[in-house]
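> sequence and predicted model, in that order:
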Amino acid sequence: MNLRDILPLDHFHDLCQEFSDLTGAVTAILDVDGNILVATGWQDVCTRFHRVHPASAARCRESDTTLAARLGEGKGYHVYKCKNGLVDVAVPIVVMGEHVGNVFTGQFLCEEPDMAAFEQQADLFGFPRDAYLEALKRVPIFSDEKVKLITGFFTNLTRLIAELGVTRMELEKANREIHEKNKDLESFAYAASHDLQAPLRNIVGFASLLKRQKSVELGEEGGEYVDFILGNAQAMNKMIAGILEYSRVNSRPRDLGMVPVRAAVAMALDNLASEITAAEARVEVGDLPAVIGESALLVSLFQNLIGNALKYRDPSRPLRVSVRAEQQKWKQVQFSVEDNGKGIDPALQEKVFDIFQRGASEASANGSGIGLALCRRIVRRLGGEIWLTSAPGVGSTFRLTLRAARQDEEVLG
């Protein structure tokens, strides 16, 4: 088990820095190989003097080694006076019986320093005496009671780290199990959808043949029945195609790179050109930056979002769709696809990203119920999130976040 994988290092560094600022005590978190993961408040007398000169640095290493060895013997904590004259304390980090690292504090004194001894030490190692003794004056002096309190804090801290380690292991196990189940489900969906295509083609083929060759015998009512079969078969074919695309999103190899989103949106609009013309819709596209993603997935994402606006437009007014982007903190870009369509009932807004759910309550809704579920799967595969705001009779705005691209990254698509 790697301690670096357990700890949110930035958060622990901030916690330890605040502890050092409040108490004057130094902190260090090391893995079992001696790698320093967190270090705060270290004293100048150590960083500028003791750990710089080869002979005095050897004493520091001896202190580190002795503390680590005692902890490896199973001690709950150990206090050690370094040969350079300062006191160090170490507490082991044990996760499920495995010793994975140590928390150190120290570089303090338990009593007033023997100045004569430290003057001799300065001369022994060739330290500038005045600067060395000035650094020594800044070393805190802790009572036995304060040392106990500090040791108690670090003991509790190591317990917290141990609990984090157990939680992390359980979470990784659960994620592995979910990943395997999802793979099985995706494989089943892909296989089932693929196998359904052949009999569906037969249904369409024979129904079309029946309509062409037996139209007289069928009569008007029979012809309507055949049209009903063909219409539903075509809807089923679209649904199967959607399931196949949905199942492929997570199974395809990752090919992440810098993708110009404006180019992806332009391709999506080309694919929807006939529907846009038929709807007499106007689509406005703002300045769209490049992101980290996969070109084909981004085309599919925006094609489904804009296509959703086309399907659920309000026939009482011309459809207007707007695609915009806004730079966010943490190297993210927030995109929005806004329309003035029918809007989505509040009772349905939580469900529209679930597969086979539609954003319209009427039975005549012509969507497959896969498009928005596919959008969420694509966005999450690319490390983002997607959500919506909507008001019936006003329209909907879908917002999503993606990781901003750096200029030095390879352009894809």
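Right, received. Where do you want to start?
> how about the helices in the stretch 101-250 of the chain?
115-125, 129-137, 144-213, 215-251 (DSSP state H, counting those that start in this stretch).
> relative to Cys16, which of those helices is closest?
helix 144-213 (8.6 Å; C-beta to C-beta). In this view, the C-beta of every residue, glycine as well, is placed from N, C-alpha and C.
> relative to helix 215-251, how tilted is the closest one?
Angle, helix 144-213 to helix 215-251, by axes from the mean of the first three to the mean of the last three C-alpha atoms, to 10 degrees: 160 degrees.
> tell me which other helices or strands helix 144-213 touches.
In terms of contacts (3 or more C-beta pairs under 8 Å, 6 or more residues apart in numbering; DSSP states H and E), helix 144-213 is packed against helix 3-6, helix 9-23, strand 87-95, strand 98-108, helix 215-251.
> roughly how far does the residue nearest to Phe49 when sequence neighbours are not counted sit from His53?
Counting by C-beta to C-beta, 6 or more residues apart in numbering, the nearest residue to Phe49 once its immediate chain neighbours are dropped is Phe127, at 5.2 Å. Distance of Phe127 to His53, computed by C-beta to C-beta, to the nearest Å: 7 Å.
> reformat the helices of the stretch 101-250 of the chain as CSV; add distance to Leu7.
Shown next, in CSV, are those (distance: least, C-beta to C-beta, whole Å):
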stretch, distance to Leu7
helix 115-125, 35
helix 129-137, 30
helix 144-213, 7
helix 215-251, 29
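> same for the worst-scoring helix or strand of the chain on mean pLDDT, what does it pack against?
The weakest-scoring helix or strand in the chain, judged by mean pLDDT, DSSP states H and E, is helix 215-251 (a mean of 79). Contacting helix 215-251 under the criterion 3+ C-beta pairs under 8 Å, 6+ apart are the following elements: helix 144-213, helix 371-381.
> out of these, nearest to Pro260?
The nearest among the helices and strands packed on helix 215-251, by C-beta to C-beta, is helix 371-381 at 16.9 Å.
> that closest one: how far from the chain's middle?
Taking the mean of its C-alpha atoms, helix 371-381 sits 15 Å from the chain's own mean (C-alpha atoms, centre = their mean, to the nearest Å).
> contacts for that helix, please.
Helix 371-381 is contacted from outside by 242, 245-246, 249-250, 297-298, 300-301, 304-305, 307-308, 352-357, 359, 385-386, 398, 400-402, using C-beta atoms under 8 Å, 6 or more residues apart in numbering.
> so which of the residues you listed sit within helices?
242, 245-246, 249-250, 297-298, 300-301, 304-305, 307-308 (DSSP state H).
> who is Thr40 paired with across the strands?
Thr27 (DSSP bridges).
> and it, how many neighbours?
20 (other C-beta atoms under 10 Å).
> residues contacting it?
Per C-beta under 8 Å, 6+ apart, neighbours of Thr40: His13, Cys16, Gln17, Phe19, Ser20, Val26, Thr27, Ala28.
> export those residues to JSON lines and tack on distance to Asn340?
Converted to JSON lines, those look like this (distance: C-beta to C-beta, whole Å):
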{"residue": "His13", "distance to Asn340": "49"}
{"residue": "Cys16", "distance to Asn340": "53"}
{"residue": "Gln17", "distance to Asn340": "51"}
{"residue": "Phe19", "distance to Asn340": "55"}
{"residue": "Ser20", "distance to Asn340": "56"}
{"residue": "Val26", "distance to Asn340": "61"}
{"residue": "Thr27", "distance to Asn340": "57"}
{"residue": "Ala28", "distance to Asn340": "59"}
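> out of these, which are buried?
Neighbour-count burial (16 or more other C-beta atoms under 10 Å) applied to these gives His13, Cys16, Phe19, Ser20, Val26, Thr27, Ala28.
> Produce a ChimeraX select command limited to the buried residues of the ones in helices among the contacts of helix 371-381.
In ChimeraX, this line selects whichever of the ones in helices among the contacts of helix 371-381 come out buried by 16+ other C-beta under 10 Å:
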select :242,245,246,249,297,298,300,301,304,305,307,308
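> re earlier: farthest-separated two in the buried ones among the contacts of Thr40?
Counting by C-beta to C-beta, the most remote pair of the buried ones among the contacts of Thr40 is His13 and Val26, 13.0 Å apart.
> returning to that earlier point: wait, the residue nearest to Phe49 touches Val45, no?
No: at 9.3 Å, Phe127 and Val45 do not qualify as touching, with contact defined as C-beta atoms under 8 Å.
> what about the closest residue in space to Asn35 that isn't next to it in sequence, neighbour count?
Among residues not flanking Asn35 along the chain, Arg4 sits closest, at 7.9 Å (C-beta to C-beta, 6+ apart). Residues lying near Arg4 (other C-beta under 10 Å) number 12.
> got it, and the one 4 residues further on?
The burial count assigned to Pro8 is 10, neighbours taken as other C-beta under 10 Å.
> list the contacts for it?
Applying C-beta under 8 Å, 6+ apart, no residues contact Pro8.
> relative to Ala281, how far out is it?
Distance from Pro8 to Ala281, by C-beta to C-beta: 47 Å.
> can you list the weak-confidence ranges in the stretch 301-413 of the chain?
Along the stretch 301-413 of the chain, the parts satisfying pLDDT under 70 run over 330, 357-368, 406-413.
> mind running it again at 50?
Within the stretch 301-413 of the chain, the set of residues satisfying pLDDT under 50 comprises 361-364, 408, 411, 413.
> closest to Lys329 out of the helices of the stretch 101-250 of the chain?
So among the helices of the stretch 101-250 of the chain, helix 144-213 is nearest, using C-beta to C-beta, at 25.8 Å.
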